[in-house]
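1. Pasting a predicted model and its sequence here:
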Amino acid sequence: MSLAGKVAFVTGAAQGLGKAFSEALLKKGAKVEAFETVISCFGGLDIMVNNAGIANEHNYALMVNINLTGVITGTNMAIDLMNREKGGRGGVIVNIASTAGITPEAYFAPIYTGTKHGVVGFTRCWSMNPYIAKMGLRFACLCPAFTDTQILCSTITDYPEDAQKIIQQVGINKVETVTEGFMQLVEDNQCNGAVMVITAQNGIQYHRKPHGISRM
Ligand SMILES: NC(=O)C1=CN([C@@H]2O[C@H](COP(=O)(O)OP(=O)(O)OC[C@H]3O[C@@H](n4cnc5c(N)ncnc54)[C@H](O)[C@@H]3O)[C@@H](O)[C@H]2O)C=CC1
Ligand SMILES: CCCCCC(=O)/C=C/[C@H]1C=CC(=O)[C@@H]1CCCCCCC(=O)O
């Protein structure tokens, strides 16, 4: 997908990965906008990134609301705006999960892990929907392991030694590597249903191979 002139919306773009994703999209010529103005200013939406998330095991209602309900709400709103059958231009929806959404390895974050499993399942399910080809939509899920942003300082302070052990085992991703993987998901038009895993040890890998929407 050429990104020149495309309109993107990234949730949680004030800092961390959301900010890096927005900057990478802008560099390629996309317009990164606030949701309220995408229709009035740019006539539509092409790229939706549900990125906002927190790590707070003490307030599970808030975390489920932001990490899972937020992704579902953002996806539903984007589908409405992007659906070709309803006058939209089609496009891609990228949901940001975590390796915690695939393999639970740390006992201290069961709720965070649950929300991210939800994001992976939700996104994969949409990618298999036979109607999305007509709607002109594709779906992908990005699952980074620990990455060098502020979220790392959150709830893991409750279990600093255990967290440190896991972090030492799996390492810490650079934001640049995660952004590179993210841009692959956005730019590859044939990529639907990808679940991309990014670790410091193994770099960018696909947990589930993408399938082209044309073959559905
Ligand atoms: N940094 C890491 O180790 C990893 C992060 N992730 C995921 O990546 C995503 C981005 O996180 P990071 O950039 O790392 O963390 P971060 O803490 O730097 O950024 C999170 C962003 O989400 C926004 N946000 C939080 N609650 C919000 C709300 N209610 N409404 C709107 N925005 C809200 C914040 O303002 C912030 O801009 C999250 O979904 C996180 O779970 C996934 C795997 C690893
Ligand atoms: C190997 C796990 C990588 C998890 C990457 C991630 O999303 C990290 C987020 C953490 C930042 C602060 C936290 O409290 C978050 C969760 C910490 C551990 C999650 C591990 C889940 C698991 O793999 O069991």
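-> Nice, I can see it. Ligands and ions are numbered 1, 2, ... in the order given.
2. Around ligand 1, pick out the residues from the protein.
-> 11-12, 14-18, 51-54, 66, 96, 98, 144, 146-147, 149-152 (C-beta under 6 Å from any ligand atom). Where C-beta positions appear, they are placed from N, C-alpha and C, glycine not excepted.
3. Need the buried ones from these selected in PyMOL.
-> Selection of the buried residues among these in PyMOL, burial being defined by 16 or more other C-beta atoms under 10 Å:
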select buried, resi 11+12+16+17+18+51+52+53+54+66+96+98+144+146+147+149+151
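4. Contacting ligand 2 as well, which ones from the residues of the chain next to ligand 1?
-> Within these, those near ligand 2 by C-beta under 6 Å from any ligand atom are Ser98, Phe146, Ile151, Leu152.
5. By mean pLDDT, point me to the weakest helix or strand of the protein.
-> helix 35-42 (a mean of 77; mean pLDDT, DSSP states H and E).
6. Show me what that one is packed up against.
-> strand 7-10, helix 70-82 (3 or more C-beta pairs under 8 Å, 6 or more residues apart in numbering; DSSP states H and E).
7. quick one: buried residues of that helix?
-> Under 16+ other C-beta under 10 Å, the buried positions of helix 35-42 are Val38.
8. what does stretch 109-123 give?
-> 109, 111-120, 122-123.
9. does Gly88 really touch Gly136, like I thought?
-> Yes - the pair Gly88 / Gly136 is scored as a contact, 7.2 Å apart, by C-beta atoms under 8 Å.
10. Those two: who's more crowded?
-> Gly88 (20 against 17; other C-beta atoms under 10 Å).
11. what about the closest residue to Arg208 other than its chain neighbours, which SS state?
-> Using C-beta to C-beta, 6 or more residues apart in numbering and skipping residues adjacent in sequence, the residue nearest Arg208 is Val195, 4.1 Å away. Applying DSSP: H, G, I helix; E, B strand; the rest coil to Val195 yields a three-state assignment of strand.
12. what's near enough to touch Val195?
-> With contact taken as C-beta atoms under 8 Å, 6 or more residues apart in numbering, Val195 is in contact with Ala97, Ile102, Val120, Thr123, Arg124, Ala140, Cys141, Cys143, Tyr206, His207, Arg208.
13. among these, which ones are buried?
-> Ala97, Ile102, Val120, Thr123, Arg124, Ala140, Cys141, Cys143, His207, Arg208.
14. Show me what the host helix or strand of Leu142 is packed against.
-> If you go by DSSP states H and E, Leu142 is part of strand 137-144. On a contact count with 3+ C-beta pairs under 8 Å, 6+ apart, strand 137-144 meets strand 91-96, helix 110-127, helix 175-187, strand 194-199.
15. what helix or strand is the nearest residue to Ala13 once chain neighbours are set aside on?
-> In space, and not counting its chain neighbours, Ala13 is closest to Ser22: 4.6 Å by C-beta to C-beta, 6+ apart. Applying DSSP H and E as the criterion places Ser22 in helix 16-27.
16. How about residues contacting that helix?
-> 3, 6, 8, 10-13, 32, 47, 49, 51-52, 96, 144, 147, 149-151, 175-176, 178-179, 182-183, 186.
17. ok, now with 7 Å
-> Identification of contacts with helix 16-27 by C-beta atoms under 7 Å, 6 or more residues apart in numbering yields 3, 8, 10-13, 32, 47, 49, 51-52, 96, 147, 149-151, 175, 178-179, 182-183.
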